[in-house]
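J.: Just a sequence and a predicted model for now, questions to come.
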Amino acid sequence: QVQVVESGGGAVQPGGSLSVSCVASGSIFSINDMGWYRQAPGKQRELVASITRDGSIKYTDAVKGRFTISRDNAKNTVYLQMNSLKPEDTAVYYCNARIIAVGRLFWADYWGQGTQVTVSS
């Protein structure tokens, strides 16, 4: 069994910073892409940032220059540092990991439970 668990998040004023982290654990054979998605009330879930195993990174335009994704392959962990936060960054942030579990043949997407990020004055 594979688990993906986020931590961090919280509430901050506009212009502030927060960080979130995510650990994948369990019967893992290999992890490919890891990333962060977010879903604001009434909106669809969207990709925020992703990072491949070899460190190739993508950001959605709205967060470029403000958010930084990083990863520690030895710890099966992905991080998201969020700076210069805006009210429109308010959302539930979900971690995603593409994993081959032990005994399986194919990649599968695993999701965390989500963590709330609120940016408000």
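T.: Ah, there it is.

J.: how far away is the residue at the greatest distance from the centre of the chain from residue 4?
T.: The centre of the chain is farthest from one residue, residue 103, which by Cα atoms, centre = their mean lies 25.7 Å away. Counting by Cβ to Cβ, to the nearest Å, the separation of residue 103 from residue 4 is 18 Å. All C-beta spots, glycine's among them, are computed from the backbone N, C-alpha and C.

J.: Go through stretch 52-67 and flag the buried ones.
T.: 59, 63, 67 (16 or more other Cβ atoms under 10 Å).

J.: Closest to residue 81 out of those residues?
T.: Nearest to residue 81 among the buried residues of stretch 52-67: residue 67, at 6.7 Å, using Cβ to Cβ.

J.: what residues are up against the residue nearest the centre of the chain?
T.: Nearest to the mean C-alpha position of the chain, by Cα atoms, centre = their mean, lies residue 36 at 2.5 Å. Neighbouring residues of residue 36 by Cβ atoms under 8 Å, 6 or more residues apart in numbering: 20, 22, 47-50, 69, 78, 80, 93-96.

J.: Most neighbours of all the residues you listed, which one?
T.: Compared across the contacts of residue 36, residue 78 has the highest neighbour count, 28 neighbours, by other Cβ atoms under 10 Å.

J.: Strands of this protein, residue ranges please.
T.: For the chain, applying DSSP state E gives strands covering 2-8, 10-12, 18-26, 28-39, 46-51, 57-59, 67-72, 77-82, 91-101, 108-111, 115-119.
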